[in-house]
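Asks: Predicted model follows, preceded by the sequence.
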Amino acid sequence: MPRNEGTNQPDVGENHSDQRGTDEISDEVGVPEDFGRPIPAGVLHRVFGRRQTTKTEEFQLPKPFIDAFAGPAYVLITIRASDHIKEPKTLGEAMRSKYWRQWKEAMDKELDDLQANGTWKLVDTPENANLVTAKWVYKIKFSSNGELERSKARLVARGFTQKFGVDFDATFSPVLRLSSLRLIALLAALWKAKLLQGDVPNAYLKSPLDKPIYLTPPNGTSGVFAGQSWLLLKGLYGLKQSGKVWNDMIDAFLKAEGFTRSKVDPCIYFMHRDGNLCVLGLYVDDVLVVSQDDNLSEHVMSRLAKRFNIKNLGEAKKCLGVWLKRTPEGIILHQQQTIEELLQQFGMEQCRPVATPMEVNHQFYDENSEPFTDTNLVREAIGSLLWLSNCTRPDITTAVNRLSRFVVHSTEMHWRGIKRVLRYLKGTMIKGLLYKFGNGPGAQLQAVVYSDANWAGDSNSAKSTSGAVLQINSMTVSWASRKQTTVALSTMEAEYVAACTAVQDCIGIRQLLDELRLLPEGASILLRVDNQSAIKSMENAVSSQRTRHLNIKYHFVRDAIMKKDVRVEYCPTQQQLADLFTKATDRVIFERLCCKLRLASQV
């Protein structure tokens, strides 16, 4: 940064984009007078020597000015994620921050990038036009090892100032299902193939808009006069339709490249070329590609890079908050870092681990238990645990399902239940879902779904709990634990209802496998149930005295069996994997079922 002659002070007014100058704005927002004061280069040299600076040392701290040396420099510090640096919420906060120089550089870079991208053009604002406002969002980016990667400023539209029918119409944009993510990882393991990951930088800024939108430039922008605004030519973060127009754009490109969009999951694309299958998963601007031929995957990534300047991140390491780790045995999906952060958030880093997430026969209703006053804390904990259970930790699903029923009216007893789940995670944080390596591209797939029910498991409502788990080649892809919506009159009825919901879940994955041509023609999914009466009722399409009162929707399972989409088979209780998703079990049974679910340690 240049200095003013005679004062040895940084010239903060130079290169500032605002017409009024930085000094005037600084006075408005209260920037400290000693902000950005340099420390002499001689002192800096004596302290740090000639060592090269890293990206984590770019932030400066104000230091007392020493007039003994000429040539200003800045004291450099190392910043890590654990330092809990406050990110500015507004432009004023950014200017009052001791890191204003870094935020200013990030803002200038953002504006330069947007202009180079052709995001807008300056026009005279039409009469009666709806002006959409904008704001700055500031973010500090840390690398996977917790060190500072960069500071980022993003200009975003305030979408709530848009008007329906004027600035936007449709806004829906799909995202990749978690079960599809796990299926992609499973295919990579079975095929012993590379799972490539790519990131489209500034994805929303690449797609043309379907409606004219006039944006009011934010404060501090030069070259804009009264009566002028920016006519947006491309998408901008914050616009209601940005996600949709980006998805439409990449969808058209992938189809032109020969991909077919799945009807089951619109974020799954597939292509057969030269006898090899290539599967692409899309989550907004994150791309996963796996193929029976690694060269085909590389070709797809190169085409994406040419069109969208995509960053090829190589083998997938982290996607949707899930870490993917290759071991000699296979690919493990885990969330160890997320669990560590969760334990730190709730002050449980030093807690004593337990062997199971829930006690056997634990009662969740106790009139004598004191109400838990901090309901927001309960919501935060349950939401975080639900995310873990939905991604990679089916072993806590039953406990979290039970606890989530008391988010509104929680007591001290329920909070103790939440803490028990956290204690269990403390001792098992290195565990994740294992997808074992197969025999290569020719690996055959076989899908099995397990269904079970805990009759009248809810002591308050007498409603049952359904449990289901879908495995492909004995590796877990999907699971669920749900409280039934009706009161079952018998164990047979509870098992029947549970089987219906399990079939509903698995039919979608079966259809996806059919689209990918990964199942033999005419193959059906095996449904394993541990209740003989329920099996006979499913196979018998004739209504009886015991089943005629059942809601028509539950006979969906009969229809699936008649169409041979599903074939039902008796499963001994000792082999019933879905038992883990209906109730708490003792440690021996719990660990045996977790092993069958392919929950394994990553180290």
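Replies: Right, received. Where do you want to start? Computed from a predicted model, the values in this text were never measured in an experiment.
Asks: Any idea how many residues pack against residue 300?
Replies: For residue 300, the count of nearby residues is 25 (other C-beta atoms under 10 Å). Every residue, glycine included, has its C-beta placed from N, CA and C.
Asks: Repeat that for residue 382.
Replies: Neighbour tally, residue 382, other C-beta under 10 Å: 20.
Asks: I'd say it and residue 415 touch.
Replies: No: in this structure, residue 382 is not within contact of residue 415 by C-beta atoms under 8 Å, at 10.6 Å.
Asks: Tell me the first helix or strand C-terminal of the helix or strand hosting residue 593.
Replies: Under the criterion of DSSP states H and E, residue 593 resides in helix 587-596. Once the chain leaves helix 587-596, the next helix or strand it forms, by DSSP H and E, is strand 599-601.
Asks: Okay, buried residues for that following strand please.
Replies: The neighbour-count check on strand 599-601 (16 or more other C-beta atoms under 10 Å) flags 599, 600 as buried.
Asks: One more: stretch 308-325?
Replies: For stretch 308-325, the neighbour count (16+ other C-beta under 10 Å) marks 308, 310, 311, 313, 316, 319, 322, 323, 324, 325 as buried.
Asks: quick one, phi psi at the second one?
Replies: By that I understand residue 310. phi -70, psi 140 (degrees, to the nearest 10).
Asks: From what I see, it and residue 200 are in contact.
Replies: Yes: using C-beta under 8 Å, residue 310 is in contact with residue 200, at 5.1 Å.
Asks: overlap in contacts of the two?
Replies: Common contacts of residue 310 and residue 200 (C-beta atoms under 8 Å, 6 or more residues apart in numbering): 287, 304.
Asks: Which one of the buried residues of stretch 308-325 is nearest to residue 216?
Replies: residue 308 (28.9 Å; C-beta to C-beta).
Asks: out of everything not next to it in sequence, what's closest to that closest one?
Replies: Among residues not flanking residue 308 along the chain, residue 200 sits closest, at 5.0 Å (C-beta to C-beta, 6 or more residues apart in numbering).
Asks: For residue 526, see how far away the residue nearest to residue 584 when sequence neighbours are not counted is.
Replies: Leaving aside its chain neighbours, residue 584 sits nearest to residue 358 (4.2 Å; criterion: C-beta to C-beta, 6+ apart). Separation of residue 358 from residue 526 (C-beta to C-beta, to the nearest Å): 29 Å.
Asks: And the helices in the stretch 151-300 of the chain, which stretches?
Replies: For the stretch 151-300 of the chain, the helices defined by DSSP state H, counting those that start in this stretch occupy 178-191, 242-256, 294-308.
Asks: Can you give the distance of the shortest one from its chain's centre?
Replies: Offset of helix 178-191 from its chain centre (C-alpha atoms, centre = their mean, to the nearest Å): 16 Å.
Asks: With the second one instead?
Replies: Shown here is helix 242-256, whose average C-alpha point lies 20 Å from the average C-alpha point of the whole chain (C-alpha atoms, centre = their mean).
Asks: same question for the helix holding residue 593, mean pLDDT?
Replies: Averaged over helix 587-596, pLDDT sits at 96.
Asks: for stretch 228-242, same thing?
Replies: 94.
Asks: Tell me where the protein is predicted with low confidence.
Replies: 1-85, 142-149, 220, 541-549, 551 (pLDDT under 70).
Asks: what about the longest helix in it?
Replies: In the chain, assigned by DSSP state H, the helix with the most residues is helix 491-515.
Asks: Residues touching the next helix or strand after that one, excluding its own?
Replies: The first helix or strand that comes after helix 491-515 along the chain, using DSSP H and E, is strand 525-529. Outside strand 525-529, the residues within contact range by C-beta under 8 Å, 6+ apart are 446-452, 495, 499, 502-503, 506-507, 510, 535, 538, 557, 565-571, 575-576.
Asks: Sitting in helices, which of these do you find?
Replies: Per DSSP H, the contacts of strand 525-529 map to helices at 495, 499, 502, 503, 506, 507, 510, 535, 538, 557.
Asks: Turn the residues you listed into a markdown table, including neighbour count and distance to residue 229.
Replies: Output for the ones in helices among the contacts of strand 525-529, formatted as a markdown table (neighbours: other C-beta atoms under 10 Å; distance: C-beta to C-beta, whole Å):
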| residue | neighbour count | distance to residue 229 |
| --- | --- | --- |
| 495 | 26 | 63 |
| 499 | 33 | 59 |
| 502 | 31 | 55 |
| 503 | 25 | 55 |
| 506 | 26 | 52 |
| 507 | 17 | 51 |
| 510 | 21 | 52 |
| 535 | 22 | 68 |
| 538 | 26 | 64 |
| 557 | 27 | 58 |
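Asks: which two in these are spaced the farthest apart?
Replies: Checking those with C-beta to C-beta, the most distant pair is 495 and 510, at 21.0 Å.
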